[in-house]
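Trainee: following is a predicted model, sequence given first.
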Amino acid sequence: MDRSIAYPVTPQGVPLLSSFAHEPMPKRRPKTPHRAVAALLCSLIASACSTQSASSVAGPTPKPVPAAAPVKTATPAKPARPPATRAESTRAFALPAWGAFDSAVVRGTRTLTGEPGPAYWQQRTEYHLEAELNQVSKRLTGHGTVVYHNNSPNTLDTLYFQAYGNLFAPDAKRNTQLLASLGGINFTKVVAEGSALDSTALGAGWTVSGTIMTLRLPKPLLPGTSVELEFAWHLRIPPDGPRGGQDRETYVLSYWYPQVAVYDDVNGWQIDQYLGNAEFYMGYGDYDVALTVPEGWLVASTGTLQNPDEVLGNETRARLAKARAGGAVVSVVGEGDRGAGKATAKGTNGKLTWRFRAENVRDVTWAASSLYLWDATTASVGDLRGHGVPDTTMIYSFYRPDQRRNGWSESALYAARAITIFSRVLWPYPYPHMTVVDGPSSCGGMEYPMMTCIGGDWNARTLFDVEAHEIAHMWFPMQVGSDEKRYAWMDEGMAQYFQSVAIDAQFPDADDVGENRRNYVGAARYGKETEMMRYGDKYPDYNAYGIASYFKPATVLVALGGVIGDSTLMQGLREYGRRWTNRHPMPNDFWNTMNQVSGLDLDWFWRTWYYETWKLDQSIDGVVRTSPDTMAVTIESKGRAPMPVLLVARGAGGATTSLVVPVDVWFTGEKKVTVQMAVPSDFTRVDIDPLQRFPDTDQSNQTWPR
Ligand SMILES: [Zn+2]
């Protein structure tokens with residue numbers, strides 16, 4: 001067999017992060033037996049341990065274990081048929097055909113190797129937006145221009161806009177419960193190229209259906225040309241809507257302006273309704289925003305503050321400069337500093353206008369509060385600019401004093417830590433800041449470019465988990481701009497996986513990987529899961545959506561690392577990022593990239609784990625001694641999921657041997673194989689996958705003797 005299967009050493013590539021051990025961070029808990037097993041397997045399987053040696057894991061070094069034979073790849077003792085060829089595997093476990101993607105390959109906008117095609121194109125938008133927050137009426141009033149560039153080869157008669165605010169209209173279709181339905185977004189002006197448009201279904205004009213605005217242009221938008229539109233609107237800010245809203249004197253303004261829907265080369269316009277559960281698909285563009293709030297309030301936003309001298313007090317600016325210089329977390333605004341003429345400048349008519357600019361982002365979200373404290377520090381992002389010296393980004397945390405009980409004193413430090421970890425294992429964080437804001441509890445943890453809103457109850461331990469998850473989203477989907485609504489696993493699964501990477505670096509005893517796996521296996525065992533390749537709003541319930549979008553895809557990436565090796569997995573993810581940053585990858589682009597980087601035909605893996613709900617259930621059916629130091633081990637694949645079999649035999653004296661049965665043995669439809677395995681002469685037991693790298697649904701049959 002030519003597939004190189006590395007038996008995993010650690011569950012999630014943790015040793016990549018070993019140097020973080022030297023940074024001063026909160027307490028580490030003692031090493032667990034689990035980690036000692038990892039070390040044992042590492043010493044056992046030399047080929048899998050090169051750069052990811054468990055001995056480089058932070059913390060106390062596990063006791064050395066006598067080395068045993070290197071990993072071997074099994075040849076089935078008596079295969080019923082000759083081993084499968086690649087063509088056979090392709091037939092048995094082919095990916096379902098996807099006509100729209102295949103057509104894009106023919107047109108040259110996509111490829112079968114996972115790179116954007118030579119004819120790849122993407123739309124682009126420039127937003128100039130003004131908004132005023134009225135804290136008495138709890139309304140946002142907005143006005144702005146939107147310049148839309150048609151880089152597609154097609155002439156567009158109609159544009160579509162996301163009017164997310166209509167989720168709160170009384171008659172809106174929803175699959176999420178709201179605290180209140182208050183009316184949606186009201187448009188008071190829509191102008192195209194200087195001509196005011198009416199709300200009409202006849203000729204040029206606009207109509208709104210649910211959360212989608214249809215705008216029929218006065219004249220068609222030709223390829224390579226642009227159109228300027230102007231909007232005025234207002235909306236009632238929801239008290240605690242999904243992913244933002246108002247909580248006392250704190251406002252998180254998300255989805256607050258008309259945003260152009262995505263028109264892409266594979267699916268055309270993506271105008272699925274926003275129903276509250278499944279998330280977003282957003283195009284890239286530049287934003288200039290002017291946000292007017294009461295004086296004395298602090299504003300946090302996507303983008304870089306353009307007028308600090310106009311809105312910040314002298315002391316605030318001095319402390320920010322101190323934070324920017326590096327070092328410990330600086331309290332930029334403390335409890336005694338808040339208010340106009342202190343933390344902020346004095347305004348005009350009691351108001352101040354904060355201006356931000358953000359380039360090449362999918363969205364702008366902002367938060368404002370009279371109660372916020374402001375902490376700031378820096379985080380190393382590695383060599384972002386390629387000049388041989390580590391670069392830094394600013395880290396901001398905005399929170400109300402009573403949120404200290406939820407661990408918020410640590411929030412800036414946690415954000416810095418997560419940014420640095422992900423910059424190292426993925427690629428340098430590219431944005432000027434990462435901001436964590438305390439918001440309405442419905443935020444839970446919600447991601448926006450350069451920002452996350454975190455609400456609800458946390459503690460100094462779990463606040464790290466949620467920050468790590470949301471900050472992983474700064475890579476997926478903020479940079480790698482997938483369609484979250486249709487393929488939620490492409491961003492949530494990645495964030496869930498990298499959350500574990502960060503937690504393991506920070507709290508090595510936490511076993512976040514195990515939690516993900518148990519959540520998935522618990523559903524899979526009872527046939528309660530739904531496939532990952534399903535639109536996010538078409539799951540039977542939220543639990544099924546959660547399993548398929550978070551726990552299963554994270555677990556599947558851990559398993560993929562077990563098949564291709566963790567370093568190849570990371571290399572593939574970095575290459576996927578290099579190809580698709582600030583672009584719109586489809587599932588096939590991810591899979592094709594991983595196929596190419598690993599040099600393997602992994603279609604069987606994608607089909608099994610992404611399209612199907614096949615269970616993995618590998619069982620040891622019998623073990624017979626065939627010589628003083630070999631055993632014939634019979635394995636049955638009782639589930640439909642084909643996977644390699646990771647066997648570890650142990651002797652009474654502690655010696656171990658291991659063997660990997662390649663996945664190909666299952667491709668012919670065979671359900672049972674017998675392999676000859678070298679075992680210690682004082683053999684006592686053999687286990688399948690003792691580290692649980694693969695999500696087997698029945699552990700009770702993975703051990704012999706039972
Ligand atoms: Zn998420």
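Mentor: Cool, got the structure.

Trainee: which residues touch the nearest residue to Pro477 once chain neighbours are set aside?
Mentor: Sequence neighbours aside, Asp491 is the residue nearest to Pro477 in space, at 3.9 Å (criterion: CB to CB, 6 or more residues apart in numbering). Bear in mind the C-beta positions are built from the backbone N, C-alpha and C, glycine included. Applying CB atoms under 8 Å, 6 or more residues apart in numbering to Asp491 gives the contacts Glu279, His473, Phe476, Pro477, Val480, Ser482, Glu484.

Trainee: just checking, the last one touches Met490?
Mentor: Yes: with contacts defined as CB atoms under 8 Å, Glu484 counts as touching Met490 at a distance of 7.2 Å.

Trainee: hey, what's in contact with both of the two?
Mentor: Pro477.

Trainee: around the ion, which positions in the stretch 401-550 of the chain sit nearby?
Mentor: Within the stretch 401-550 of the chain, the positions lying close to the ion (CB under 5 Å from the ion) are Glu492, Ala495.

Trainee: on that earlier part again, okay, the contacts of Asp491 in JSON lines with secondary structure next?
Mentor: Shown next, in JSON lines, are those (DSSP: H, G, I helix; E, B strand; the rest coil):
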{"residue": "Glu279", "secondary structure": "coil"}
{"residue": "His473", "secondary structure": "coil"}
{"residue": "Phe476", "secondary structure": "coil"}
{"residue": "Pro477", "secondary structure": "coil"}
{"residue": "Val480", "secondary structure": "strand"}
{"residue": "Ser482", "secondary structure": "coil"}
{"residue": "Glu484", "secondary structure": "coil"}
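
Trainee: dump those residues to JSON lines, plus pLDDT and neighbour count.
Mentor: As requested, the contacts of Asp491 are arranged in JSON lines below (pLDDT from 0 to 100; neighbours: other CB atoms under 10 Å):
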{"residue": "Glu279", "pLDDT": "96", "neighbour count": "21"}
{"residue": "His473", "pLDDT": "98", "neighbour count": "23"}
{"residue": "Phe476", "pLDDT": "98", "neighbour count": "26"}
{"residue": "Pro477", "pLDDT": "98", "neighbour count": "27"}
{"residue": "Val480", "pLDDT": "98", "neighbour count": "24"}
{"residue": "Ser482", "pLDDT": "98", "neighbour count": "23"}
{"residue": "Glu484", "pLDDT": "98", "neighbour count": "22"}
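
Trainee: of those, which is the nearest to Phe398?
Mentor: Closest approach to Phe398 among those (CB to CB): His473, at 18.2 Å.

Trainee: surely that closest one meets Glu447?
Mentor: Yes: counting by CB under 8 Å, Glu447 is a contact partner of His473 at 3.6 Å.

Trainee: joint contacts of those two?
Mentor: Residues within reach of His473 and of Glu447 at once, by CB under 8 Å, 6+ apart, are Ala495.

Trainee: leaving out chain neighbours, which residue sits closest to Asp589?
Mentor: What sits nearest to Asp589 in space, not counting adjacent residues and going by CB to CB, 6+ apart, is Gly114, at 5.2 Å.

Trainee: confirm the one you found sits in a helix?
Mentor: No: counting by three-state DSSP, Gly114 falls outside a helix, being coil.

Trainee: my guess is it contacts Asn592. True?
Mentor: Yes: in this structure Gly114 lies within contact range of Asn592 using CB under 8 Å: 3.4 Å.

Trainee: neighbour count winner among the two?
Mentor: Asn592 (25 against 22; other CB atoms under 10 Å).

Trainee: which bits of this structure sit near the ion?
Mentor: Residues of the chain lying near the ion (CB under 5 Å from the ion): Glu492, Ala495.

Trainee: how does the chain divide into domains?
Mentor: 93-117+514-611, 122-283 (automatic domain parsing).

Trainee: possible to save these as JSON lines with distance to Gly386?
Mentor: Formatted as JSON lines, the domains of the chain follow (distance: least, CB to CB, whole Å):
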{"stretch": "domain 93-117+514-611", "distance to Gly386": "13"}
{"stretch": "domain 122-283", "distance to Gly386": "24"}
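
Trainee: what's the closest of those domains to Gly456?
Mentor: domain 122-283 (10.5 Å).

Trainee: for Thr141, which residues are in contact?
Mentor: Contacts of Thr141 (CB under 8 Å, 6+ apart): Ala131, Glu132, Asn134, Trp233, His234.

Trainee: all helices for the chain, in order.
Mentor: Counting by DSSP state H, the segments of the chain that form helices are 33-44, 86-92, 99-107, 308-311, 314-324, 411-425, 462-472, 492-506, 512-525, 542-546, 552-564, 566-580, 587-598, 603-606.

Trainee: how far off helix 587-598 does the third one point, in degrees?
Mentor: In this case it means helix 99-107. 60 degrees (axes from the mean of the first three to the mean of the last three CA atoms, to 10 degrees).

Trainee: helix 99-107 - what's its average pLDDT?
Mentor: For helix 99-107, mean pLDDT is 98.

Trainee: buried set for it?
Mentor: Using 16 or more other CB atoms under 10 Å as the test for burial, helix 99-107 gives Phe101, Ala104, Val105.

Trainee: pretty sure Ala163 contacts Met213?
Mentor: Yes: the pair Ala163 and Met213 qualifies as a contact (CB under 8 Å) at a distance of 4.9 Å.

Trainee: if I look at these two, which residues touch both of them?
Mentor: Common neighbours of Ala163 and Met213 (CB under 8 Å, 6+ apart) are Phe187, Pro258.

Trainee: so who does Trp614 touch?
Mentor: Thr608, Gly639, Arg640, Ala641.

Trainee: among these, who's most crowded?
Mentor: Highest neighbour count within the contacts of Trp614: Ala641, with 26 neighbours (other CB under 10 Å).

Trainee: show me the contacts for it.
Mentor: Counted by CB under 8 Å, 6+ apart, Ala641 has contacts Thr608, Trp609, Glu612, Trp614, Lys615, Leu616, Asp617.

Trainee: what residues are up against the residue nearest the centre of the chain?
Mentor: Most central in the chain under CA atoms, centre = their mean is Ala495, positioned 2.9 Å from the mean C-alpha point. For Ala495, the contacting residues are Glu447, His469, Glu470, Ala472, His473, Phe476, by CB under 8 Å, 6+ apart.

Trainee: no further queries at this time; thank you.
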